[in-house]
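Engineer: fold the following.
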Amino acid sequence: MRFRILIFLTAVFAFSLSVPVFSQKPGSTDKDNLTIVAFGNSITATRKTINQVFAQRLPQLLAQKGVSATVINAGIPGSHTGRQTDHNLFKIRHALDRFETDVLAHHPDLTIIGFGINDAHIDNGGATGPSRIPLEKYRQNLAFMIESLQKQGSKIILTVPNPLGKKYPEYQNERLQSYLETVRNYAKKYQTGLVDNNKAFRDYQTQTGVSFDSLMLDGVHPNDKGHELIAANMAQEILRITGNTPTSLSAQKKLVLQLNPGPGNPRNSEGDFVTLKDGRILFIYSRFLGTSSSDFAAATLVGRFSSDGGKTWTPEDTPIVKNEGDMNVMSVSLLRLQNGNIALFYARKNSIDDCIPMMRISTDEAKTWSEAVPCITDRKGYFVLNNNRVIQLKTGRLVIPVALHETPPGAGFNGRGRLFTYYSDDNGQNWKVSQEVANPDAITHQEPGLISLKNNQLMMIIRTDAGVQYASYSTDQGQTWSPAQPTSIVSPVSPATIARIPATGDLLMVWNNNDNKEGNPIKGRRTPLNIAVSKDEGKTWQNVKNLEADPDGWYCYTAIHFVGKKDVLLSYCAGNRPKGTGLSVTNVTRLSLDWIYNINRR
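Structural biologist: This next block holds a predicted model:
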């Protein structure tokens, strides 16, 4: 089932903020995930004094329950339900001025409406003074919006505004009461959903003995604690009204392993999976040692095992490869070869001028490993091979995509890479280098990935600093490549990973669906973490969903591993940017393909 949700919220009084509309949408995708538009004023709009308003919290809360959501924050402070001609204290476009363009034009599946405080407010005349929008006019405006949306086919959640604090005279709350009752009555009349913030704030005071003023910044605008309460109730109502119950979703998307840093272990990252012949799944990842989480700090390779399809994992690490580099070993790719052996690829890092992909082979299902052999012998240099990147073609050819970073003596690390593939036709005993991928736009190229297409071409997906992923194609199994060109896949400077879904033959992509547009409050961050499906070999993408959506999260370096015909395991870095743990935490999440494809089997 597809949903587009608009959050149509009031704000209040709105004395200062002016926030532009921000639309974060996937490039070249249909909108199969929840599109949440926060349409209102100062309660809706982001504020410098608030870490996250409720609208910013919703994607993460819903993602935790297996529901994907994209947020468009269209908050304009000071808005009421009418038009500027109805009450023009604030020279802005009010609700009815922009209802068609900011709401109906999106054809929402669910709209959350929450007006009242600005409408009821008395500017002068005391308890007998006029409200900005008279009660009967408020009722007409609210009914018009509800009926228009229901005619268009939208579900609706009405929001009852929070109470005013002690700094406001009691007659303001008394006047507000009739507006609150209108919202509650309309929820019954029109059979909509309801989130009663007024009751929630007052219940908080009754249950804790702490004034509901503690939930507000200034007696009207919720603080972070208030927004947290609103967001939790809103997410629960969204799940209820859309039929996405937590019980049904928990089995479709679940965090099954989290590898957190600890004393002497500052980072866990960049791993990959392989299924063993006895049915167990092995996950090998980079375990950093000492006190530094830098890419150049000490690290070893260790493993965890699952005997139930990735639902649970062994609690202790199994050593795989000790730190044999002057700096570290890291970034794992695992591959079941056509001859039945398992290949383990990783980076052996000695300096900023010496990082080479290495390969080991296991002939006994990962019990032991051969001596390491280099995959690049034609030159020295710093070659980046990301995790979960090596592929084997139908012909048996192994292909690894690498970025060569050349740093002048005495300079800091050069982030601009030159892209190549190395390929082997004898199971890794000998390797040859491809032609370099041309960079006609002279942008930063980094961390390439590969996918084999049905037309026998190879597609290289490329991390760049251009605001989108770039792509290059090979028609000769990785020996030569077309010049890199931009795709429509918006992205910060962060890698994407693409794999083919065995059960359907479609492509699955994991990446950060985050554009570079001005006004984007998360511009440049590796969040959210998204998935999408392509049915046309990467030309267009659909079924876009959020896996993680914390604005402070740092999500990247994904490995994709399919379990049977129904599920997929994803590992990815999942730290917190402000806390400095961006690359330090690894999550393993198990997804149902039903969830990815929006199939409801209940």
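
Engineer: does anything pack onto the host helix or strand of H561? Which helices or strands?
Structural biologist: Assigned by DSSP states H and E, H561 belongs to strand 553-563. When contacts are defined as 3 or more Cβ pairs under 8 Å, 6 or more residues apart in numbering; DSSP states H and E, strand 553-563 sits against strand 268-275, strand 497-500, strand 507-511, strand 529-534, strand 567-576. C-beta coordinates here come from the backbone N, C-alpha and C atoms, glycine included.

Engineer: to D378, which of these lies closest?
Structural biologist: D378 lies closest to strand 268-275 among those, at 25.2 Å (Cβ to Cβ).

Engineer: quick one: average pLDDT of the next helix or strand after the closest one?
Structural biologist: Going down the chain from strand 268-275, the next helix or strand is strand 281-288, by DSSP H and E. Per-residue pLDDT over strand 281-288 has a mean of 98.

Engineer: how about stretch 425-441?
Structural biologist: Mean predicted lDDT for stretch 425-441 stands at 97.

Engineer: how long is that stretch from one end to the other?
Structural biologist: Using Cα to Cα, to the nearest Å, one end of stretch 425-441 lies 33 Å from the other.

Engineer: what lies in contact with that stretch?
Structural biologist: 337, 339, 341, 343, 359, 361, 373, 375-378, 395-398, 418-424, 445, 448, 460, 462, 466, 470, 472, 474, 478-486 (Cβ atoms under 8 Å, 6 or more residues apart in numbering).

Engineer: what about the residues you listed, which are in helices?
Structural biologist: Among these, no member falls in helices (DSSP state H).

Engineer: SS state for L547?
Structural biologist: Following DSSP: H, G, I helix; E, B strand; the rest coil, L547 is assigned to strand.

Engineer: where does the stretch 201-350 of the chain have low pLDDT?
Structural biologist: Residue ranges of the stretch 201-350 of the chain with pLDDT under 70: 245-251.

Engineer: could you redo the last one with a cut-off of 90?
Structural biologist: 238-253 (pLDDT under 90).

Engineer: mind listing the strands in it by residue range?
Structural biologist: Here the stretch 201-350 of the chain has its strands, by DSSP state E, counting those that start in this stretch, at 253-259, 268-275, 281-288, 299-306, 318-321, 328-336, 342-351.

Engineer: of those, which is nearest S211?
Structural biologist: Per Cβ to Cβ, nearest to S211 of the strands of the stretch 201-350 of the chain: strand 253-259, 36.4 Å.

Engineer: note down every partner strand of the closest one and its orientation.
Structural biologist: strand 586-592 (antiparallel) (DSSP bridges).

Engineer: chain center to the strand it pairs with, what's the gap?
Structural biologist: How far strand 586-592 lies from its chain's middle: 13 Å, per Cα atoms, centre = their mean, to the nearest Å.

Engineer: what does the average pLDDT come to for that strand?
Structural biologist: 96.

Engineer: run the angle between that strand and strand 268-275 for me.
Structural biologist: Relative orientation of strand 586-592 and strand 268-275, computed by axes from the mean of the first three to the mean of the last three Cα atoms, to 10 degrees: 40 degrees.

Engineer: what is the helix or strand just after strand 586-592 packed up against?
Structural biologist: As assigned by DSSP H and E, the chain's next helix or strand after strand 586-592 is helix 593-596. The contact analysis (3+ Cβ pairs under 8 Å, 6+ apart) places helix 593-596 against strand 542-548, strand 567-576.

Engineer: and those strands as CSV, adding mean pLDDT and mean neighbour count?
Structural biologist: As requested, the helices and strands packed on helix 593-596 are exported to CSV (pLDDT from 0 to 100; neighbours: other Cβ atoms under 10 Å):
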stretch, mean pLDDT, mean neighbour count
strand 542-548, 89, 22
strand 567-576, 97, 24
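
Engineer: can you list those in CSV and add distance to T275?
Structural biologist: Listed next are those as CSV, based on distance: least, Cβ to Cβ, whole Å:
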stretch, distance to T275
strand 542-548, 22
strand 567-576, 10
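
Engineer: what's the closest of these to S333?
Structural biologist: Closest among the helices and strands packed on helix 593-596, using Cβ to Cβ: strand 567-576, at 12.2 Å.

Engineer: over to E170: give its phi and psi.
Structural biologist: For E170, the backbone dihedrals (degrees, to the nearest 10) come out as phi -60, psi -30.

Engineer: what's the separation between it and S178?
Structural biologist: Distance of E170 to S178, computed by Cβ to Cβ, to the nearest Å: 15 Å.

Engineer: these two: who's more crowded?
Structural biologist: S178 (14 against 10; other Cβ atoms under 10 Å).

Engineer: hang on, the earlier thing: any of the contacts of stretch 425-441 buried? List them.
Structural biologist: Among these, those buried by neighbour count (16 or more other Cβ atoms under 10 Å) are 341, 343, 359, 361, 375-376, 397-398, 419-424, 445, 448, 460, 462, 466, 470, 472, 474, 478-479, 481, 484, 486.

Engineer: from G538, how far out is S434?
Structural biologist: 20 Å.

Engineer: out of the helices and strands packed on helix 593-596, which comes closest to D272?
Structural biologist: Once these are compared by Cβ to Cβ, strand 567-576 is nearest, at 7.4 Å.

Engineer: how about F99, what does it touch?
Structural biologist: Neighbours of F99 in contact, by Cβ under 8 Å, 6+ apart: M145, S148.

Engineer: quick one: secondary structure of it?
Structural biologist: Going by three-state DSSP: F99 is helix.

Engineer: roughly how far apart are it and N162?
Structural biologist: F99 is 23 Å from N162, by Cβ to Cβ.

Engineer: what do you get for N51?
Structural biologist: Distance, N51 to N162, using Cβ to Cβ: 18 Å.

Engineer: who's more crowded, those two?
Structural biologist: N162 (30 against 15).

Engineer: and that one, helix, strand or coil?
Structural biologist: Per three-state DSSP, N162 ends up coil.

Engineer: so what's it closest to, chain neighbours aside?
Structural biologist: N197 (4.3 Å; Cβ to Cβ, 6 or more residues apart in numbering).

Engineer: again with N328
Structural biologist: A299 (3.8 Å).

Engineer: in this structure the one you found contacts F288, no?
Structural biologist: Yes. If you go by Cβ atoms under 8 Å, A299 and F288 touch, sitting 4.4 Å apart.

Engineer: need the overlap of contacts for the two.
Structural biologist: Contacts common to A299 and F288, judged by Cβ under 8 Å, 6+ apart, are R267, N328.

Engineer: export the strands of the stretch 201-350 of the chain to TSV and append columns for distance to H87.
Structural biologist: Formatted as TSV, the strands of the stretch 201-350 of the chain follow (distance: least, Cβ to Cβ, whole Å):
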stretch	distance to H87
strand 253-259	45
strand 268-275	55
strand 281-288	59
strand 299-306	61
strand 318-321	68
strand 328-336	60
strand 342-351	64
